[in-house]
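Chemist: sequence and predicted structure, then a few things I'm wondering about:
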Amino acid sequence: MTDAGSGGRIFPGPIVRRSITSTPPPMSSKGWIFVAGVLALALSLYLWFSGSRQAAIFVGLWVPSLWILADLVGKTEAATP
């Protein structure tokens, strides 16, 4: 973007200032439940390769349940104003 009165110099646009102490928005409930599902998957793989196969299958069954719950919570949060 050039300014006609500036002799053709290019201006980068408006300066956006951010506070150094600004924090990102908190993670939604859906995000936390999804993370729990990923951790359950990691735990299941650890148990499987460490030789505890029955425990690995048991923990591995949590993953789809947690991800379905995360989807349901996400849809509920989106539907509420």
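Modeler: Happy to help now that I have it. Residues are numbered from 1 along each chain as shown.

Chemist: can you show me the helices along this protein?
Modeler: 29-49, 53-60, 62-79 (DSSP state H).

Chemist: turn these into JSON lines, including mean neighbour count and mean pLDDT.
Modeler: Placement of C-beta: from N, CA and C, glycine included. Output for the helices of the chain, formatted as JSON lines (neighbours: other Cβ atoms under 10 Å; pLDDT from 0 to 100):
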{"stretch": "helix 29-49", "mean neighbour count": "15", "mean pLDDT": "92"}
{"stretch": "helix 53-60", "mean neighbour count": "14", "mean pLDDT": "96"}
{"stretch": "helix 62-79", "mean neighbour count": "14", "mean pLDDT": "90"}
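
Chemist: what's stretch 27-35 in contact with?
Modeler: Stretch 27-35 is contacted from outside by 66, 67, 69, 70, 71, 73, 74, 77, using Cβ atoms under 8 Å, 6 or more residues apart in numbering.

Chemist: and stretch 36-44, by the same measure?
Modeler: Contacts for stretch 36-44 (Cβ under 8 Å, 6+ apart): 56, 57, 59, 60, 62, 63, 66, 67, 70.

Chemist: burial of residue 81, as a residue count?
Modeler: Neighbours of residue 81 under the rule other Cβ atoms under 10 Å: 3.

Chemist: return the residues in contact with the spatially closest residue to residue 55 that is not a sequence neighbour.
Modeler: Of all residues not flanking residue 55 in the chain, residue 47 sits nearest, at 4.8 Å (Cβ to Cβ, 6 or more residues apart in numbering). Contacts for residue 47 (Cβ under 8 Å, 6+ apart) come out as 53, 55, 56, 59.

Chemist: go again with 10 Å.
Modeler: Contact analysis of residue 47 by Cβ atoms under 10 Å, 6 or more residues apart in numbering lists 53, 54, 55, 56, 57, 58, 59, 60.
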